Structures are given as C-alpha cells and as structure tokens.
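**Q** Sharing a model that was predicted from the sequence below.
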Amino acid sequence: MLKIDRSLYVYKSRRGEQAELKLKIRDICQTRVRYGYRRVHVLLRRDGWPVNPKRIYRLYKEMDLQLRNKVPKRRVKAKLRADRTEPTHSNHVWAMDFVHDQLATGRKIRILTVVDTFSRFSPAVDARFSYKGEDVVQTLERVCRQVGYPATIRVDNGSEFISRDLDLWAYHRGVVLDFSRPGKPTDNSYIESFNGKFRAECLNAHWFMSLDDARAKMEDWRRDYNEFRPHSAIGNKVPISLMNGSSALTPT
C-alpha cells in the first residue's frame with residue numbers, strides 16, 4: 001500500500017485553499033474596482049472566510065491589485081478643521097451638493113447628491129439637465145416623505161441653495177440650512193467625501209447614453225452604496241442598518 005506523508009497532504013490542501021481565496025479576491029476586485037484590501041477583507045469575512053487583514057494585504061500586493069491614488073497636498077489647517085456639529089443619530093444632519101458630468105452625446109448633466117452624515121445613508125442622487133431651487137425642493141420633499149426630515153442640512157452658497165424656494169421649504173419644515181463659508185469645502189467634508197466615492201465608483205465607471213440611462217445606473221450605485229458597500233467610518237456596517245425603523249427603506 002502506498003503511504004503518503006500527512007504533512008504533504010495538508011500542504012496541498014492549503015495551496016488549494018489559497019488558490020480559491022485568490023480567485024475570490026480577484027472576483028471581488030473585478031466587480032468592485034475601487035475597493036481596497038480592507039474592504040475586500042470585510043466582504044470575505046461576510047462570506048465566511050476566516051482570514052485576517054494582513055493575509056489579504058499580502059495577497060492583494062502579490063496580485064498587483066493595489067489602488068494607485070495620488071494624494072492631494074493640503075494645508076494643515078484644512079486637514080485639522082473639525083465639523084461644526086457632530087451628528088448623534090440618523091436624520092440629525094444631512095449634507096447636500098451638486099456634481100457635474102455629461103452624457104455620451106456631450107450634453108451636460110447636474111446631479112444633486114445628499115448624504116446623512118451620521119449613518120452615511122444617501123437618500124438621493126438625482127440627475128437632471130438643469131436644476132433650480134424649486135427642483136431641489138421637489139427632490140427633498142420626495143425623499144423626506146419616505147425617510148423623514150433632517151434637523152439640519154449643510155450646503156454651500158450656490159444659487160439653488162440660497163433660493164427663496166428652498167428657504168421657504170426649510171422654514172415650513174423646521175429644517176435649518178447650515179451654509180459653509182465661501183471657498184471652504186472642508187466645511188462640508190462629508191459630502192465632499194461622498195462625491196469622491198460617487199465619481200470614482202459610478203461616474204468614471206460608466207458611459208451614460210441618455211438621462212434615463214444615467215438615472216438608472218446612478219440609482220443602482222446608490223442602492224449598492226446604501227445596502228451592500230461596507231463603510232469603515234461606521235465600523236464596516238452598511239448605512240441602511242443605522243437608519244431607524246421604517247426609515248430604513250431605500251427611497252425609490
């Protein structure tokens with residue numbers, strides 16, 4: 001009878017397990033192209049892989065999957081500036097801004113982005129060819145009826161946000177509009193961070209054939225962001241898990 005050393009048998013099984021792990025890592029990185037090794041590790045743990053982050057980092061480097069980001073140089077004051085109000089619960093403070101992009105035809109579009117600064121939940125990513133103050137009100141009223149009204153919304157001094165329409169809406173709904181200082185994007189750092197992820201993971205990853213196509217792809221991304229994507233700032237949870245009660249339903 002042929003005898004096989006047990007250590008060789010275990011060694012081969014570990015090699016097979018590592019090959020399977022590499023395939024899983026590559027599969028995640030091919031579909032989640034902006035995920036670093038930490039977020040990949042979270043997804044693997046979700047799927048039942050008993051691996052530590054150091055091992056994932058080693059394999060991530062070995063497979064040449066590192067993200068190559070140019071880190072912008074910032075002044076120390078900008079980096080150390082604290083936000084004015086620290087949110088303590090969902091719907092305490094929202095942040096809102098505009099992002100610009102274009103269709104495959106070259107026609108410009110504007111996207112209103114909104115994020116809850118406590119849960120990181122995004123109630124709206126709404127694309128249009130143009131935006132006025134009344135359009136901002138329309139979008140806010142639609143989502144607030146589903147997830148509730150925030151106590152405060154942080155905005156910049158853009159014409160849509162200083163409009164009479166938005167001011168009246170905020171007054172009647174008991175919402176405080178917290179305006180950032182001109183030329184100080186760090187005053188609204190939550191939405192700046194959200195917009196960076198939105199551009200890297202959605203806008204830069206797709207061609208938009210029409211406005212309807214853009215809206216559909218952006219909505220798919222928003223749902224994934226709210227319901228699947230782990231967020232390190234909230235303990236690698238998903239934003240929807242921090243919304244309260246019935247407000248945990250993703251708006252449509």
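**A** Received, thanks. Residues are numbered from 1 along each chain as shown.
**Q** all strands for the stretch 1-150 of the chain, in order.
**A** 93-102, 108-116, 124-128 (DSSP state E, counting those that start in this stretch).
**Q** List the buried residues in the second one.
**A** So the one you mean is strand 108-116. I109, R110, I111, L112, T113, V114, V115, D116 (16 or more other CB atoms under 10 Å). (Glycine included, C-beta is placed from N, CA and C.)
**Q** Just list whatever residues bridge to the last one.
**A** Put plainly, it is D116. Assessed by DSSP bridges, D116 has beta-bridge partners W94.
**Q** So it is in contact with P150, correct?
**A** Yes: applying CB atoms under 8 Å, one finds D116 in contact with P150, separated by 7.3 Å.
**Q** so what's in contact with those two at the same time?
**A** The contact sets of D116 and P150 overlap at N91, V93, W94 (CB atoms under 8 Å, 6 or more residues apart in numbering).
**Q** For the closest residue to V137 other than its chain neighbours, give me its contacts.
**A** Closest residue to V137 apart from its sequence neighbours, by CB to CB, 6 or more residues apart in numbering: W169 at 4.5 Å. Contact analysis of W169 by CB under 8 Å, 6+ apart lists V137, L140, E141, V175.
**Q** Just the buried residues of the shared contacts of D116 and P150.
**A** Buried among the shared contacts of D116 and P150 by 16+ other CB under 10 Å: N91, V93, W94.
**Q** so can I have a markdown table of these showing distance to M209 and pLDDT?
**A** A markdown table is the format used below for those (distance: CB to CB, whole Å; pLDDT from 0 to 100):
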| residue | distance to M209 | pLDDT |
| --- | --- | --- |
| N91 | 35 | 94 |
| V93 | 36 | 94 |
| W94 | 31 | 96 |
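**Q** Closest to K22 out of these?
**A** The closest of the buried ones among the shared contacts of D116 and P150 to K22 turns out to be W94 (CB to CB; 40.9 Å).
**Q** so the closest one sits right up against T113, yeah?
**A** No: the criterion here is CB under 8 Å, and W94 misses it with T113 at 10.6 Å.
**Q** same for the helix or strand containing D213, what does it pack against?
**A** Using DSSP states H and E, the element containing D213 is helix 211-227. With contacts taken as 3 or more CB pairs under 8 Å, 6 or more residues apart in numbering; DSSP states H and E, helix 211-227 sits against strand 108-116, strand 124-128, helix 189-201.
**Q** List the buried residues in that helix.
**A** A214, R215, K217, M218, E219, W221, R222, R223, Y225, N226.
**Q** tell me the angle of that helix relative to strand 108-116?
**A** Using axes from the mean of the first three to the mean of the last three CA atoms, to 10 degrees, the direction of helix 211-227 lies 20 degrees away from that of strand 108-116.
**Q** For V175, which residues are in contact?
**A** V175 neighbours (CB under 8 Å, 6+ apart): Y149, P150, A151, T152, I153, W169.
**Q** try 7 Å
**A** By CB atoms under 7 Å, 6 or more residues apart in numbering, the contact list for V175 reads Y149, P150, A151, T152, I153.
**Q** repeat for T88
**A** Residues in contact with T88 (CB under 7 Å, 6+ apart) are F118.
**Q** so what pLDDT did it get?
**A** pLDDT, T88: 90.
**Q** Pop out the phi and psi values for it.
**A** T88 adopts backbone torsions of phi -120, psi -10, taken as degrees, to the nearest 10.
**Q** Just the closest of the buried residues of strand 108-116 to E17, please.
**A** Using CB to CB, V115 comes nearest to E17 of the buried residues of strand 108-116, at 39.1 Å.
**Q** right, and that closest one touches I191 too?
**A** Yes: using CB atoms under 7 Å, V115 is in contact with I191, at 5.9 Å.
**Q** picking that back up, check the buried residues of strand 108-116 and tell me the two furthest apart.
**A** I109 and D116 (23.8 Å).
**Q** Need the CA coordinates for stretch 120-127. PDB is fine.
**A** Output in PDB follows, covering the C-alpha atoms of stretch 120-127 (Å, rounded to 0.1, in the frame of the first residue of the first chain):
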ATOM      1  CA  ARG A 120     -23.700  57.700   5.700                       C
ATOM      2  CA  PHE A 121     -27.000  56.700   4.100                       C
ATOM      3  CA  SER A 122     -27.700  58.500   0.800                       C
ATOM      4  CA  PRO A 123     -31.400  59.300   0.400                       C
ATOM      5  CA  ALA A 124     -31.000  60.900  -3.100                       C
ATOM      6  CA  VAL A 125     -28.700  61.000  -6.100                       C
ATOM      7  CA  ASP A 126     -30.800  62.900  -8.600                       C
ATOM      8  CA  ALA A 127     -29.700  63.800 -12.200                       C
END
